[in-house]
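1. please work out how this folds:
(2 chains)
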Amino acid sequence: MTPVTHNPLPTTPSTHLWSKYGHVLSMGIQNTLVYRTNFLFRAAFGLVPLAATLFLWEAIYADKPAGAAIGAYTLAQMVSYYLLVTVVDSITAVAEDDWQIAADIKDGAVSQFLLKPLDFLAYRLCLYLSGRVIYTSVALIPVAFFLFFQREYLVGPAESLGWVLALLSVLMAGLLQFFIAYTVALLSFWVLDVSTFIFIQFAFEFLASGHLFPLDILPDGLHRLLLWSPYPYLLYFPVGVYLGRIQGAELWQGFALQLAWVVVAFLIARFVWSRGLRKYTAVGG
Amino acid sequence: MPSFSRYAGIYAALIRYSLIHEMQFKVNFLLWIVVEALWFGLQLAFMTVLYGHTDQIAGWSRWEVVLLVGCNQFIQQLFHTLFVTNLSNLSELIRKGTLDLLLLQPVNTRFLISVKKFEIGNIINALMGLVVIVYSLAQLGRVPTLAQWLGFAVVCLAGLSVHYSLMFLLACISFWTVRAQGIVWGYYNLFNIARLPAEAFPRGAYRAVFTWVLPMLLVSNVPAKLLAQRLASPWEWLALLGMAVACFVVSELFWRFSLRHYTSASA
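-> Modelled structure (predicted):
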């Protein structure tokens, strides 16, 4: 590991750290509130393709005998899967963060982080968290409205341990999501326009995270192969944990892999940052 | 028509300028083609996975759905080539006050806003859609006549016009909100449903809205059905042509209404 260029003040008392990043967090919340209408549109428009996907599945199941399963999913379980994907996605998806990070690098705003006792990754993570707080609260309105109509399909974990595990996996999914987006955005140190990379990454994520369909309806070999990639741990895994579909040895193996990917993604993010700084020529200053 | 040749001349100049601009960033130009191709591949992969578990969806066979996805890609990419960048840019023109400059040009302002940038790369992606159309037709064993190809061209133009009018309408909302990225982004979600078979949607509010208000379930479905020779009645393509005209008229009326509300941002 290349040493990082600056640490978040290792000597500072932790209370000071809390107040510093707590400040960033509240600043982030105030700034993101500006986007609330934007977020509302985003969440509401997002329900249009979701409804379409559900109709498509209903049409597929309609041609099969009642109670038939596709993969290991009955129609009700399939609908629950998509509903939970929508919920987890509202909580963890990056909204504007990657574009903003890229812009910070392009217009030279990262320079101030080289001078201030503030770690850029921690700073952006706080902004991501505050963004998620606002987005989730705003998205709650249309999503709850939608879930209400589909409430028969919305089932909770049977036991309280299920809730704890599900929350834990959503939390790690959020971190992983952020580190991936952060690293891709850091490519701005090298390329002029990072948006193509963001979209290419997102295409893989869309398919391999289980956003488009549950991964276990794929042929078994492909499904198992995908589980070694980081993507299933963004959506498919937390949703599977919540629904109680992933259990026993698979559950613990999944958590181990999720944690491993969070750590690896963090280390890659740090590495790319330190490499990027060597390339960095402060534009604008 | 001197006016027509004048506008054709202006458009040719704009295309030339866009080309020169595009060729400054060759790698980026190629990467965008890759991005669009990936997303197209993703749609086809999704359908492949679905048809791994079923033989038909709402009466559509596998290759008919591939044909539909191909038609949708073709129309959508032509829409990107001609309009999407320009319409997404309208909110910026308003926010920065650059619109003043365009309003003062001795050319129709809506024309200038709509066609300013020509995205040549998306033509490659449109051609990929066309290849998929031809391939799935071969798989279906259908050989459209020349008249059917001409009809296909007409309904594709109508579909293009629907996309254009609706997105223009949405972009005009930025005369009031200034920040309209969320709205434009929302349009991409509407695109998504155009590549699904209309029959998969139960008769009800959802299907009615996306047929008769925002006719997304017509724009790609009608061209695909025409080529697959499964149009139930001529009413289907007449509905698309009718909606294309209606959407354009509404968007023009809304544009004129919006302009009256425009207060310049710059001095």
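
2. how about stretch A:259-277: buried residues?
-> Within stretch A:259-277, the residues scored as buried using 16 or more other C-beta atoms under 10 Å in any protein chain shown are A:259, A:261-262, A:265-266, A:269-270, A:272-273, A:276-277. Yep, even glycine has a C-beta here, placed from its N, CA and C like the rest.

3. any idea which helix or strand carries the residue lying closest to residue A:44 once chain neighbours are set aside?
-> If the residues on either side of it in the chain are set aside, residue A:44 comes closest to residue A:142, at 4.4 Å by C-beta to C-beta, 6 or more residues apart in numbering or on different chains. Per DSSP states H and E: residue A:142 is located in helix A:120-149.

4. now check the helix or strand following that helix, is it near chain B?
-> As assigned by DSSP H and E, the chain's next helix or strand after helix A:120-149 is helix A:160-186. No: Helix A:160-186 lies out of reach of chain B by C-beta under 8 Å from any C-beta of the partner chain, never closer than 13.0 Å.

5. need the residues of chain A near chain B, please.
-> So far as C-beta under 8 Å from any C-beta goes, chain A lies against chain B at A:35, A:37-42, A:44-46, A:48-49, A:51-52, A:55-56, A:58-60, A:62-64, A:70-71, A:192-193, A:196-197, A:199-200, A:203, A:206-207, A:212-213, A:217-219.

6. kindly write the PyMOL command that selects the buried subset of these.
-> In PyMOL, this line selects whichever of these come out buried by 16+ other C-beta under 10 Å:
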select buried, chain A and resi 35+38+39+40+41+42+44+45+46+48+49+51+52+55+56+58+59+60+70+71+193+196+197+199+200+203+206+207+212+213+217+218
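
7. now do the SS call for residue 17.
-> You didn't say which chain, so I picked chain A. What DSSP: H, G, I helix; E, B strand; the rest coil gives for residue A:17 is helix.

8. that's the wrong chain, I wanted chain B
-> With three-state DSSP as the criterion, residue B:17 reads helix.

9. next one: it from residue B:80, what distance?
-> Distance of residue B:17 to residue B:80, given as C-beta to C-beta, to the nearest Å: 18 Å.

10. ok, now residue B:150?
-> 24 Å.

11. ok, residue A:59 next?
-> The value you get for residue A:59 to residue B:80, if C-beta to C-beta is used, is 29 Å.

12. quick one: residue B:115 and residue B:82 touch, right?
-> Yes: with contacts counted by C-beta atoms under 8 Å, residue B:115 reaches residue B:82, the gap being 6.5 Å.

13. got any ranges where the stretch 1-150 of chain B has weak pLDDT?
-> B:1-2 (pLDDT under 70).

14. near chain A, which residues of it?
-> B:25, B:28, B:31-32, B:34-35, B:38-39, B:42, B:45-46, B:49-50, B:52-54, B:56-58.

15. ok, residue B:148 touching residue B:228?
-> No: with contact defined as C-beta under 8 Å, residue B:148 and residue B:228 do not form a contacting pair (10.1 Å).

16. give me the more crowded residue out of the two.
-> residue B:228 (20 against 14; other C-beta atoms under 10 Å in any protein chain shown).

17. and the residue nearest to residue B:236 when sequence neighbours are not counted, what's its pLDDT?
-> Closest residue to residue B:236 apart from its sequence neighbours, by C-beta to C-beta, 6+ apart: residue B:222 at 5.5 Å. As predicted, residue B:222 sits at a pLDDT of 96.

18. quick one: contacts of the helix or strand encompassing residue B:222?
-> Using DSSP H and E, residue B:222 falls within helix B:221-228. Contact with helix B:221-228 is made by B:64, B:67-68, B:70-72, B:75, B:133, B:137, B:140, B:142, B:144, B:148, B:151-152, B:155-156, B:158-159, B:194, B:197-198, B:231, B:236-237, B:239-240, as judged by C-beta atoms under 8 Å, 6 or more residues apart in numbering or on different chains.

19. which parts of the stretch 151-267 of chain B are helices?
-> Ranges of helices within the stretch 151-267 of chain B are B:174-177, B:181-194, B:205-212, B:216-219, B:221-228, B:235-260, based on DSSP state H, counting those that start in this stretch.

20. dump the fifth one to PDB, restricted to CA.
-> Spelled out, that is helix B:221-228. Provided in PDB are the C-alpha atoms of helix B:221-228 (Å, rounded to 0.1, in the frame of the first residue of the first chain):
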ATOM      1  CA  ASN B 221     -44.500  -1.200 -30.500                       C
ATOM      2  CA  VAL B 222     -46.200   0.000 -33.700                       C
ATOM      3  CA  PRO B 223     -43.000  -0.100 -35.900                       C
ATOM      4  CA  ALA B 224     -42.100  -3.600 -34.500                       C
ATOM      5  CA  LYS B 225     -45.600  -4.900 -35.100                       C
ATOM      6  CA  LEU B 226     -45.600  -3.500 -38.600                       C
ATOM      7  CA  LEU B 227     -42.400  -5.300 -39.500                       C
ATOM      8  CA  ALA B 228     -43.500  -8.500 -37.700                       C
END
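
21. now it, how far from the centre of its chain.
-> Averaging C-alpha positions (C-alpha atoms, centre = their mean, to the nearest Å) puts helix B:221-228 16 Å from its chain's average.

22. equivalent analysis for the second one, please.
-> Going by C-alpha atoms, centre = their mean, the spacing between the C-alpha centre of helix B:181-194 and its chain's C-alpha centre is 11 Å.

23. what's the distance between residue B:55 and residue B:195?
-> 19 Å.

24. between these two, point out the one with more neighbours.
-> Using other C-beta under 10 Å, the more surrounded residue of residue B:55 and residue B:195 is residue B:195, with 25 against 8.

25. wait, what's in contact with residue B:92?
-> Counting by C-beta under 8 Å, 6+ apart, residue B:92 touches residue B:98.

26. secondary structure element holding it?
-> Using DSSP H and E, residue B:92 falls in helix B:90-96.

27. list the buried residues for that helix?
-> For helix B:90-96, by 16+ other C-beta under 10 Å, it's B:90-91, B:93-94.

28. would you check which pair of the residues you listed lies furthest apart?
-> Farthest pair in the buried residues of helix B:90-96 (C-beta to C-beta) is B:91 and B:93. Separation: 7.3 Å.
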